[in-house]
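S.K.: Sequence first, predicted model second:
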Amino acid sequence: MQSTAPLMPPDALTHAAALARQQQLTKPPGSLGRLEALACWLAACQQRAQPEPLRPAISIFAADHGIAAEGVSAYPASVTAAMVHNFAQGGAAINVLARQHQARLEVVDVGVNADLQGLVGIVQDKVAPGSANLLHQPALTRDQRDAAWATGERAAERHIAQGANLLIAGEMGIANTTAAACLICALSGLAPEQVVGRGTGLDDAGLLHKQTVVTRALQRAQTHRPATALDWLAQLGGLEIAAIAGFLACAARQGVPVVLDGFIVSAAALVCEAQQAGSRHWWLASHQSQETGHAMVLQQLGLTPLLDWQLRLGEGSGAALVLPLLQAAIALHNQMATFAEAGIPT
């Protein structure tokens, strides 16, 4: 959890070798657009000029939020536990996408306000039964924050130990867009009106109320004089957001790339980058969420999204959608003939 020296980016020499191969393939240079850059980045991450096909793994972190009591979501808090049951039964969007793309999937209960002990297929790593109401008090204690961060690190370590070479984090938690918006405002300096979105589908009145709640929560948190991203995470975050930050930090330290999902994951990414500088070099932004403010967060992280399909589901679904594009980038890079192999004069 302590700040470390900035992480080194993926290997520059391997990136140069992969780029040189791209220049030799039977196509005009740059004609495959971002697929070429993706292949070279993945090569650098793996330190292989011709990278191996991806072995993706996904962790979904689920937790409840005390701020849900303020009516900031179109759905009741009980939906968090109901969706975890849906994950366990294989019926959610991320289940479908994980099966489609042969990605290992686990769902981690880091803070659901329900007893899920008997639920088969759920990783039981609960820190607390949800966060406190961040409008009135810190969302997490320092111990809860640190324990949730460690939960995320353990999840990344499990995947890496089982051979994953690309990771995805997703989340489930009613009202977590409010916590994420608070964190983004605090860490970026953006105003609530620039960041707060409709979440699961608030109407205009609901959106205005949510903006007001975020503004008041920021004012309360500032009275505690938070000095670091970890301080803000305890004041305004959530258990699944802390877990995702730990997941991202662990993957970056171990040199394993991560495809970021949407708004909530990007809030965790801001925390992670502030705590462990250089982590962002190991991340790829899958898409620009329809949620207000996500584009500005990606700009602050220096990331350009691959897709803009008006997605706002969460669950890691946007990140999982780009997996076939990444696999295609690697296949083209590795399997296309060079001009010399094809006997084509240049």
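M.R.: Perfect, thanks for sending it.
S.K.: CA atoms of stretch 240-253 as PDB?
M.R.: The C-alpha trace of stretch 240-253 is given here as PDB (Å, rounded to 0.1, in the frame of the first residue of the first chain):
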ATOM      1  CA  GLU A 240     -15.100  -2.900  -4.700                       C
ATOM      2  CA  ILE A 241     -13.400   0.300  -5.900                       C
ATOM      3  CA  ALA A 242     -10.600  -0.200  -3.400                       C
ATOM      4  CA  ALA A 243     -10.300  -3.800  -4.400                       C
ATOM      5  CA  ILE A 244     -10.100  -2.800  -8.100                       C
ATOM      6  CA  ALA A 245      -7.300  -0.300  -7.300                       C
ATOM      7  CA  GLY A 246      -5.400  -3.100  -5.600                       C
ATOM      8  CA  PHE A 247      -6.000  -5.400  -8.500                       C
ATOM      9  CA  LEU A 248      -4.700  -2.800 -11.000                       C
ATOM     10  CA  ALA A 249      -1.600  -2.100  -8.800                       C
ATOM     11  CA  CYS A 250      -0.700  -5.700  -8.500                       C
ATOM     12  CA  ALA A 251      -1.000  -6.500 -12.200                       C
ATOM     13  CA  ALA A 252       1.100  -3.500 -13.100                       C
ATOM     14  CA  ARG A 253       3.800  -4.400 -10.700                       C
END
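S.K.: for it, which positions count as buried?
M.R.: 240-253 (16 or more other CB atoms under 10 Å). Yep, even glycine has a C-beta here, placed from its N, CA and C like the rest.
S.K.: what's the domain layout of the protein?
M.R.: 12-51+330-342, 56-325 (automatic domain parsing).
S.K.: what's the offset of the first one from the middle of its chain?
M.R.: Counting by CA atoms, centre = their mean, to the nearest Å, domain 12-51+330-342 is centred 26 Å from the centre of its parent chain.
S.K.: and the end-to-end length of it?
M.R.: 28 Å (CA to CA, to the nearest Å).
S.K.: pLDDT of it, averaged?
M.R.: On average, the pLDDT along domain 12-51+330-342 is 98.
S.K.: On the C-terminal side of whichever helix or strand Arg220 is part of, identify the next helix or strand.
M.R.: Here Arg220 sits within helix 204-222, counting by DSSP states H and E. Where DSSP H and E defines the elements, the next helix or strand beyond helix 204-222 is helix 229-236.
S.K.: centre of the chain versus that next one, how much separation?
M.R.: 18 Å.
S.K.: Quick check: buried residues in that helix?
M.R.: 229-236.
S.K.: likewise stretch 306-324?
M.R.: Quick answer for stretch 306-324 (16+ other CB under 10 Å): 306, 311-323.
S.K.: Next: stretch 186-197.
M.R.: Under the neighbour-count criterion of 16+ other CB under 10 Å, stretch 186-197 has 186-188, 190, 192, 195-197 buried.
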